[in-house]
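> got a sequence here, can you model it:
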Amino acid sequence: MKFTKHLPVFTFACALGFAPVAFAQTSTGGTMAPMPNSTMAPAAQAPAMAAPAAKPAAPAMKPTELAKTSEFKTQAEATAHCPSDTVVWSTLSKSKTYHTSTSKYFGKTKHGAYVCKADADAAGYHEAKN
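Next comes the predicted model:
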């Protein structure tokens with residue numbers, strides 16, 4: 001009989017003082033005695049439960065993501081942040097596209113932000129084809 005699936009329940013039951021399935025009361029005196037041919041270890045020899053693993057720390061920002069600090073609500077804010085660079089409208093989606101000022105979608109999509117072109121290129125974004 002394999003009891004590996006039931007080991008946590010067995011350990012918990014032993015800690016509370018309940019009799020495990022492989023043990024039975026004897027007819028005399030009512031004390032607990034192991035059943036013959038039992039393959040389970042007594043509660044004293046049962047391995048201790050491991051503590052749950054701690055949650056891993058949040059991963060650092062990937063180099064292919066735009067930083068929240070480089071996203072701006074207005075074109076003027078983006079221009080002030082990167083005066084020597086072109087400002088583009090990033091869609092901030094899985095498509096990783098951006099629109100230049102000549103595009104009809106520049107600043108018009110539902111989700112997006114103004115970013116510096118160099119930041120967008122470094123994050124793996126590319127210019128939209130339309």
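> got the buried residues for stretch 118-130?
When neighbours are counted by 16 or more other CB atoms under 10 Å, the buried residues of stretch 118-130 are found to be Asp119, Ala120, Ala123, Tyr125, Ala128. Placement of C-beta: from N, CA and C, glycine included.
> again, but for stretch 85-97
Of the residues in stretch 85-97, those scored as buried under the neighbour-count criterion (16+ other CB under 10 Å) are Asp85, Val87, Val88, Trp89, Ser90, Thr91, Leu92, Lys96, Thr97.
> from these, which is closest to Lys68?
Within these, distances to Lys68 taken as CB to CB reach their minimum at Leu92, with 10.2 Å.
> if I look at that closest one, how far off is Ala113?
6 Å (CB to CB, to the nearest Å).
> strands of this protein, start to end?
Secondary structure of the chain (DSSP state E): strands at 23-25, 32-34, 87-90, 97-99, 113-116, 126-127.
> which stretch in the ones you listed has the least confidence?
Across the strands of the chain, the stretch with the lowest average pLDDT is strand 23-25; it has a mean of 50.
> please list all residues in contact with Val115.
Taking CB atoms under 8 Å, 6 or more residues apart in numbering as the definition of contact, the neighbours of Val115 are Leu66, Ser70, Glu71, Phe72, Ala78, Val87, Val88, Trp89, Ser90, Tyr98.
> in TSV: those residues, plus distance to Lys104.
Written out in TSV, the entries for these read as follows (distance: CB to CB, whole Å):
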residue	distance to Lys104
Leu66	22
Ser70	24
Glu71	21
Phe72	20
Ala78	19
Val87	16
Val88	14
Trp89	11
Ser90	16
Tyr98	14
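> for the protein, what helix or strand is lowest in average pLDDT?
Confidence across the helices and strands of the chain bottoms out at strand 23-25, with a mean of 50, counting by mean pLDDT, DSSP states H and E.
> quick revisit: just put the buried residues of stretch 85-97 in a markdown table and tack on distance to Lys108.
A markdown table is the format used below for the buried residues of stretch 85-97 (distance: CB to CB, whole Å):
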| residue | distance to Lys108 |
| --- | --- |
| Asp85 | 21 |
| Val87 | 15 |
| Val88 | 13 |
| Trp89 | 8 |
| Ser90 | 13 |
| Thr91 | 10 |
| Leu92 | 14 |
| Lys96 | 18 |
| Thr97 | 13 |
